[in-house]
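**Q** give me coordinates for this.
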Amino acid sequence: MGVLVALSALGIVAAVLLMFVGLGRLIERQDTVASRLEDLLQDAQPLAITDDKRKGRWFEPLVQGVARLVSGRSFAASIATDLARANLPLTVPEFVLIQLATTAGLFLLIFLFTRQLLFAMLGGALGLFLPRIYLHNREARRLLLFQDQLPDVLTLLVGSLRSGYGITIAMDTVAKQMPPPASEEFARVVREIGLGMSATQALQNLVRRIKSDDLDLVVTAIAIQYEVGGNLAIILETISGTIRERIRLKGQLRVLTAQQNLQRTILTILPAAVAVMIHIISPDYLSALFTPGWTLLIPITAVILEIAGYFVMGKLSKVEF
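**A** Predicted coordinates for the structure are as follows:
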């Protein structure tokens, strides 16, 4: 038993170290990505230096090993898309490494304290999905914030166009005057245009990063104006009024469904919280449910139904608009 405890402790330490490595890479690459793009615009050649520095890090072989494992897999493309939409400066192997670290860390930590393999497996499964949950939440918050900023973005675009500037200069004005995430996304569009990409293609890339029907409408209007001509300022001003009204209605819907969203979260967490409290107060009270045999079906079924109920309640409270 002492050996098992020691191995579990070592595993927890290793998992925590891997998580700190991932966080360190996240913080460091926020400056690295921006500097590399800036160097590209200035026709400099610092990429080899940056790659040499990365290869010199002690954990880089581990990242490269994970990269070879996930290369060409379908889920890798999905993770890469989600990372871009969330504006999280991590590579796919680094993100997968963080997932493995949280999985191993929670599994060993829960097993160390409870000595229950089922609890540890459930904790490991939770650790596997926690980074994806964080990624999707970050993506959703960023999308919501961008949609709220879109009317102001259109106001700046219309003002710049009416002043006689072109669409590229207008987008550069948005990048300089708007707060994130609008400033980040339009700065990226301007950089892509500066690197030789067409404005239409750069805006299509923006639509792929920001899954917004309102933004798609704006980009479509700009693309049509490029093809057939017309007064783009008037078109964008009309679209801006429509989007403002849609945002107002969406805000009302969020208020009306906020109680349902809170209820589904509480109802999902409450049974697990009560079970943990009972186990802490009286460890033998629920032990019969986790003995080998048919009784294991009870907690497994309960967990499955709780998860299914969470998503069903989410679907019921979601209003398509």
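**Q** every contact and neighbour count from this point should use C-alpha atoms.
**A** Noted.
**Q** other SSEs contacting whatever helix or strand I98 lives in?
**A** With elements taken from DSSP states H and E, the one containing I98 is helix 92-114. Secondary-structure packing of helix 92-114 (3 or more Cα pairs under 8 Å, 6 or more residues apart in numbering; DSSP states H and E): helix 2-41, helix 60-70, helix 74-86, helix 117-162.
**Q** need the three-state assignment for L90.
**A** Taking DSSP: H, G, I helix; E, B strand; the rest coil as the rule, one finds L90 in the coil state.
**Q** is it true that it touches A84?
**A** No - under the criterion of Cα atoms under 8 Å, L90 is not in contact with A84, lying 9.1 Å apart.
**Q** higher neighbour count, the two?
**A** Regarding L90 and A84, a neighbour count based on other Cα atoms under 10 Å identifies L90 as having more, with 21 against 16.
**Q** okay, that one: pLDDT?
**A** For L90, the pLDDT comes out at 87.
**Q** tell me the phi and psi of it?
**A** For L90, the backbone dihedrals are phi -130, psi 150 (criterion: degrees, to the nearest 10).
**Q** so what's T220 up against?
**A** Residues in contact with T220 (Cα atoms under 8 Å, 6 or more residues apart in numbering): none are found.
**Q** report pLDDT for it.
**A** The predicted local distance difference test score for T220 is 92.
**Q** and the helix holding I98, which residues are buried?
**A** Of the residues in helix 92-114, those buried by neighbour count under the rule 16 or more other Cα atoms under 10 Å are 92-112.
**Q** toward the C-terminus, what is the element adjacent to the strand or helix carrying N205?
**A** Under DSSP H and E, the secondary-structure element containing N205 is helix 199-209. Using DSSP H and E, the helix or strand that directly follows helix 199-209 along the chain is helix 213-228.
**Q** give me the helices and strands touching whichever helix or strand comes after that following helix, please.
**A** Downstream of helix 213-228, the first helix or strand assigned by DSSP H and E is helix 232-281. Packing partners of helix 232-281 (3+ Cα pairs under 8 Å, 6+ apart): helix 117-162, helix 213-228, helix 297-317.
**Q** mean confidence for helix 232-281?
**A** Taken as a whole, helix 232-281 has a mean pLDDT of 88.
**Q** what's the angle from it to helix 117-162?
**A** Between the axes of helix 232-281 and helix 117-162, defined by axes from the mean of the first three to the mean of the last three Cα atoms, to 10 degrees, the angle is 160 degrees.
**Q** which residues of this protein score low on pLDDT?
**A** For the chain, the stretches with pLDDT under 70 are 1-59, 321.
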